[in-house]
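Undergrad: sequence first, then the predicted structure:
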Amino acid sequence: MVISDYIPDGATVTPVDDYTIWLRCAELRNTYGSLANVIANSTAMETLCNNLNALRYMVRSTASILPAVLADSGWVTALDSSAYATHTPTMTSNTTPSGVASWSWSSPGYSGSLPWRAFDKDDWAALPPDYATKTGYYQYEFHDAVWIYKVKYDLTGLTTQSAKDPVLSVSDDGSTFTTIVSQKTLAQASTSYHVRDTNLGVGSGKYVRVNVTNNTGGSTIPGSFCELEFYGLNLS
């Protein structure tokens, strides 16, 4: 057996829900006995979360491996610190320090609130200025395509204008978007983390968008966030 026979290509090998193949992608021998034992093993977690080949296989394994990983808070934390992890930075303008923050509302800023304030990590409400509609979107463009696995919706301190029923989606070109998850109503005035739980394996994209479909009050007040954070993996 040559080494290429032992290490499968995580991006193409089938079947896609065999945990022993997942182990082989990271050059780990099957001494665990089950997927549950792999998930419970911190050493395996460290290796698999920092191996690009294994991560490429993991995101394709939507029937068993990926749900097990995303259901375990320790694994999600490990993904956050993976060598291939990327997330929205602390923005200081719509284009600094990196990426591009935008939204669909075109009116001048309200009290200095601009799209980047949804990504500046200071819990100050990013209130869209256009009161003609309460629907629209917040968007962040990454430098490279990112496979999103978690989003943080922060509504701390907001009252009637807080966003409700957000829809998270991704796009390669900024025009055609694919929904990752339509979130249930968010808890008002609180911070919540929502790991993607539907449409697993939908793929990655440079553009990550949250469509606001409603709010918790005022008939013409746009749905607002204090903060948004997108967490993903760069698997390119």
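TA: Thanks, I have the structure now.

Undergrad: CA atoms for contacts and neighbours, from now on please.
TA: Fine.

Undergrad: read off the pLDDT value for Thr159.
TA: pLDDT recorded at Thr159 is 63.

Undergrad: go on, the one 5 residues further on?
TA: The predicted structure scores Lys164 at 74 on the pLDDT scale.

Undergrad: measure it to Ser224 for me?
TA: For Lys164, the distance to Ser224 (C-alpha to C-alpha, to the nearest Å) stands at 9 Å.

Undergrad: the more surrounded of these two?
TA: Remark: of Lys164 and Ser224, Ser224 carries more neighbours, 28 against 23, as counted by other C-alpha atoms under 10 Å.

Undergrad: what's the spacing between that one and Tyr137?
TA: Per C-alpha to C-alpha, Ser224 is found 10 Å from Tyr137.

Undergrad: likewise Leu200?
TA: 22 Å.

Undergrad: could you do Val181 as well?
TA: According to C-alpha to C-alpha, Val181 stands 15 Å off from Tyr137.

Undergrad: and Tyr19, by the same measure?
TA: 38 Å.

Undergrad: what pairs with the strand ranked longest in the chain, parallel or antiparallel?
TA: Ranked by residue count and defined by DSSP state E, the top strand of the chain is strand 136-154. Using DSSP bridges, the strands paired with strand 136-154 are strand 100-103 (antiparallel), strand 191-195 (antiparallel), strand 205-212 (antiparallel), strand 227-233 (antiparallel).

Undergrad: name the residues of it that are buried.
TA: 136-142, 144-151, 153-154 (16 or more other C-alpha atoms under 10 Å).

Undergrad: chain center to that strand: distance?
TA: Centroid separation for strand 136-154 versus its chain: 6 Å, with C-alpha atoms, centre = their mean, to the nearest Å.

Undergrad: mean confidence for it?
TA: Across strand 136-154, the average pLDDT comes to 90.

Undergrad: swap in stretch 26-34?
TA: Rounded mean pLDDT across stretch 26-34 is 95.

Undergrad: was I right about Asp123 contacting Asp154?
TA: Yes: Asp123 is within contact range of Asp154, at 7.4 Å (criterion: C-alpha atoms under 8 Å).

Undergrad: list residues touching both of those two?
TA: Overlap of the contact sets of Asp123 and Asp154 (by C-alpha atoms under 8 Å, 6 or more residues apart in numbering) consists of Cys226, Glu227.

Undergrad: give the buried residues for stretch 68-76.
TA: Neighbour counts over stretch 68-76 (16+ other C-alpha under 10 Å) mark Val69, Leu70, Trp75, Val76 as buried.

Undergrad: closest to Leu228 out of those residues?
TA: Leu228 lies nearest to Val76 out of the buried residues of stretch 68-76, by C-alpha to C-alpha, at 17.7 Å.

Undergrad: in space, what's closest to the closest one - neighbours in sequence excluded?
TA: Leu70 (6.0 Å; C-alpha to C-alpha, 6 or more residues apart in numbering).

Undergrad: following the helix or strand bottoming out on mean pLDDT in the chain, which helix or strand shows up next?
TA: The weakest-scoring helix or strand in the chain, judged by mean pLDDT, DSSP states H and E, is helix 3-6 (a mean of 57). Sequence-wise, the next helix or strand downstream of helix 3-6 (DSSP states H and E) is helix 19-25.

Undergrad: quick one: Asp173 and Val76, what's the gap?
TA: Asp173 is 28 Å from Val76, by C-alpha to C-alpha.

Undergrad: with Pro15 instead?
TA: 24 Å.

Undergrad: what's the answer for Gly136, then?
TA: From Gly136 to Val76 the distance is 29 Å (C-alpha to C-alpha).

Undergrad: just Lys150 next, same as before
TA: Distance from Lys150 to Val76, counting by C-alpha to C-alpha: 9 Å.
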